[in-house]
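S.K.: Got a predicted structure here, sequence first:
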Amino acid sequence: MSAKINYWKECIEQAAEECGLMMTDEQLSTISEAAMSGHEYYGMAFYSPPPSDRYSDIEREWKEKLKAKEDELKRYQANAERAVKQALHQYSDANVSIGEYGEVTRWDGRATRIQ
């Protein structure tokens, strides 16, 4: 006998003992085989998505959040550069960038630190 059928026989036998049911070996075998077969087709009756689907959903969600934050940062940087241009009286078409530590540089063929 396979380990699978032995597992199901033990489960059915314990359930029968708990409710005081006496079964022959043949009855126990038949019910155990039916339970094992029913368990094998459970997924067809009650769909349960594989874990990989959930992992894909989680990955898609964090990628969307990351993209939203990156877009927000780009908008923030563009607005900050526009504000710096106005505050330092630069032309609207001047190429201005804000460095990591707040240094402001104008790019017009050469780099000029303006603040």
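M.R.: That came in fine, so what should we check first? Keep in mind that what you see is a predicted model, and the values were worked out from it rather than measured.
S.K.: what about the spatially most central residue of the chain, which helix or strand?
M.R.: Central residue of the chain (CA atoms, centre = their mean): residue 58, 1.2 Å from the mean position. Per DSSP states H and E, residue 58 falls inside helix 51-87.
S.K.: Parallel or antiparallel, list what pairs with whichever helix or strand comes after that helix.
M.R.: The element immediately downstream of helix 51-87 (helix or strand, assigned by DSSP H and E) is strand 95-98. Sheet pairing of strand 95-98 (DSSP bridges) gives strand 104-107 (antiparallel).
S.K.: just to revisit the earlier point, got the confidence number for the residue nearest to the centre of the chain?
M.R.: You'll see residue 58 listed with a pLDDT of 94.
S.K.: returning to that earlier point: could I get the buried residue list for the helix holding residue 58?
M.R.: 81, 84-85 (16 or more other CB atoms under 10 Å). All C-beta atoms are positioned from the backbone trio N, CA, C, and that covers glycine.
S.K.: Give me the below-cutoff pLDDT ranges for this structure.
M.R.: Under the criterion pLDDT under 70, the flagged ranges of the chain are 1, 109-110, 114-115.
S.K.: No more questions from me, cheers.
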